[in-house]
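Participant: heads up, no residue letters with this:
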């Protein structure tokens, strides 16, 4: 019998396996069997942790959003919009590049209650990003404009990375450096 | 018997209907029946134009990419990177906002030969955007850096609009204005 702590650790391993399998085979192609294999456990054992693929997909999304909310909380503590938004861009990219496809999984296909929970958490993150921008505007660091549109342009560029990033082929520090420069410059008054 | 010209016109109407149905019901929820209804013809008649949903999804993607390639060609004719990239951003947004979900449909699910054709056309467009950036760098207008990463950040912001844009609720000119400012500023040396 596993204790709660190792059960939780195993769940996280399974989520990593699921992301790997989905990245390699696509969302449709990665069945419970392929996910179990990628996570190094039997299919039967996988069902002990997740009753079906929908639950697993939900858990992947949910974890990625928790990570983004952590990134947001850490970014908030930085002084000034350049530091704050820089930390946000870097952290968001790391979540996307580590979690691969997870932010792109089709949440629309989730059962209604799970879909709602994901959308609520995603909205919370997006609201947080808009608040950072609004704060920066008040401080005179972020260019004036509709923070909703500013946030969506920023988040679109970041989320889209899941579509083209290939681990081992694309260089993570290069991406972070280039995106930070381009995206911050688009948002801040000062030349950076 | 319809002549070739009106058959082509009818095909385009069907694609518009398909985009509407997919936007309203999601890709899975929009079956041939719903698409036929949205396009104002019988399901049987729809099958005269498209043998199955995959063919229809392919045609939607293909048309959107043709429109993007037109945008690219028009943008190329403009003098200077600010004008060129401005036209590209505006045209790309118009295609996304008119075509709604089409750029986000899951091409991975297309049959292999259709998938390959779409990927080739998408690559052609992306290469074209990178060439615009490279040309701007040579002219000293676009900031130095990896044009692949610059292009992906730009295109991610633009493509992501399909995820959140709601026709009739979000204001198209506002979006174009805000995105142009933010995205061009991120790419150009000069203050704009």
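Facilitator: Done, it's in. If you're wondering where the values come from, they're calculated on a predicted model, not measured in any experiment.
Participant: enumerate the residues of chain A near chain B.
Facilitator: Counting by Cβ under 8 Å from any Cβ of the partner chain, the positions of chain A adjacent to chain B are A:26-28, A:106, A:108-109, A:143, A:145-146, A:149-150, A:152-161, A:163-164, A:174-175, A:178-179, A:181-183, A:185-187, A:191. Just so you know, the C-beta spots here come from the backbone N, C-alpha and C atoms, and that holds for glycine as well.
Participant: now the buried members of these.
Facilitator: A:27, A:143, A:145, A:149-150, A:152-161, A:163, A:175, A:178-179, A:181-183, A:185-187 (16 or more other Cβ atoms under 10 Å in any protein chain shown).
Participant: element containing the residue positioned nearest the centre of chain A, please.
Facilitator: By Cα atoms, centre = their mean, chain A has its centre lying nearest to residue A:64, at 4.2 Å. In this structure, residue A:64 sits in helix A:53-76 according to DSSP states H and E.
Participant: give me the angle between the very next helix or strand once past that helix and helix A:53-76.
Facilitator: Counting by DSSP H and E, the element after helix A:53-76 in chain order, helix or strand, is helix A:81-99. Interaxial angle, helix A:81-99 versus helix A:53-76 (axes from the mean of the first three to the mean of the last three Cα atoms, to 10 degrees): 160 degrees.
Participant: just checking, what packs against helix A:81-99?
Facilitator: helix A:53-76, helix A:112-138, helix A:147-159, helix A:161-164, helix A:172-187 (3 or more Cβ pairs under 8 Å, 6 or more residues apart in numbering or on different chains; DSSP states H and E).
Participant: now do the contacts for the residue lying closest to residue A:186 once chain neighbours are set aside.
Facilitator: Nearest in space to residue A:186, with sequence neighbours left out and distances taken as Cβ to Cβ, 6 or more residues apart in numbering or on different chains, is residue B:186 at 3.3 Å. By Cβ atoms under 8 Å, 6 or more residues apart in numbering or on different chains, the contact set of residue B:186 is A:182-183, A:185-186, B:153-154.
Participant: recalculate using a threshold of 6 Å.
Facilitator: A:182, A:185-186 (Cβ atoms under 6 Å, 6 or more residues apart in numbering or on different chains).
Participant: let's have those residues in a markdown table, adding distance to residue B:48 and pLDDT.
Facilitator: Putting the contacts of residue B:186 into a markdown table (distance: Cβ to Cβ, whole Å; pLDDT from 0 to 100) gives the following:
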| residue | distance to residue B:48 | pLDDT |
| --- | --- | --- |
| A:182 | 48 | 97 |
| A:185 | 52 | 96 |
| A:186 | 48 | 97 |
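Participant: so can I have TSV of those showing distance to residue B:40?
Facilitator: TSV is the format used below for those (distance: Cβ to Cβ, whole Å):
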residue	distance to residue B:40
A:182	44
A:185	47
A:186	42
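Participant: now, which of those residues sits nearest residue A:138?
Facilitator: residue A:186 (18.8 Å; Cβ to Cβ).
Participant: and the gap between residue A:49 and residue A:31?
Facilitator: Distance, residue A:49 to residue A:31, using Cβ to Cβ, to the nearest Å: 15 Å.
Participant: and those two? Which one has more around it.
Facilitator: Neighbour count, other Cβ atoms under 10 Å in any protein chain shown: between residue A:49 and residue A:31, residue A:49 has more, with 19 against 13.
Participant: so who does the more buried one touch?
Facilitator: Going by Cβ under 6 Å, 6+ apart, residue A:49 touches A:11, A:14.
Participant: if I look at it, how far off is residue A:57?
Facilitator: Per Cβ to Cβ, residue A:49 is found 14 Å from residue A:57.
Participant: residue A:107 too?
Facilitator: Distance of residue A:107 to residue A:57, given as Cβ to Cβ: 8 Å.
Participant: the more surrounded of these two?
Facilitator: residue A:57 (24 against 17).
Participant: what's the pLDDT at the more buried one?
Facilitator: If you check residue A:57, the pLDDT there is 89.
Participant: do residue A:106 as well
Facilitator: 69.
Participant: for residue A:98, same thing?
Facilitator: For residue A:98, pLDDT reads 86.
Participant: ok, now residue A:20?
Facilitator: pLDDT, residue A:20: 85.
Participant: surely it meets residue A:37?
Facilitator: No. Between residue A:20 and residue A:37 there is no contact under Cβ atoms under 6 Å: 9.8 Å.
Participant: separation between residue A:89 and residue A:124?
Facilitator: Taking Cβ to Cβ as the measure, residue A:89 falls 19 Å from residue A:124.
Participant: hang on, the earlier thing: surely the residue nearest to the centre of chain A and residue A:99 touch.
Facilitator: Yes. Applying Cβ under 6 Å as the test, residue A:64 and residue A:99 come out as touching, 4.7 Å apart.
Participant: tell me the SS of residue A:144?
Facilitator: Look at residue A:144: counting by DSSP: H, G, I helix; E, B strand; the rest coil, its state is coil.
Participant: now it: phi and psi?
Facilitator: Here is the backbone geometry of residue A:144 (degrees, to the nearest 10): phi -70, psi 160.
Participant: for it, give me its contacts.
Facilitator: Counting by Cβ under 6 Å, 6+ apart, residue A:144 makes contact with residue A:137.
Participant: tell me the pLDDT of it.
Facilitator: Per-residue confidence (pLDDT) for residue A:144: 96.
Participant: still on that earlier bit, just the closest of the contacts of residue B:186 to chain B, please.
Facilitator: Using Cβ to the nearest Cβ, residue A:186 is the member of the contacts of residue B:186 that sits closest to chain B, with 3.3 Å.
Participant: for residue A:48, see how far away that closest one is.
Facilitator: Distance from residue A:186 to residue A:48, counting by Cβ to Cβ: 47 Å.
Participant: do residue A:36 as well
Facilitator: Applying Cβ to Cβ, the value for residue A:36 to residue A:48 is 11 Å.
Participant: comparing these two, which shows the higher neighbour count?
Facilitator: Taking other Cβ under 10 Å, residue A:36 and residue A:48 do not tie; residue A:36 has more neighbours (22 against 12).
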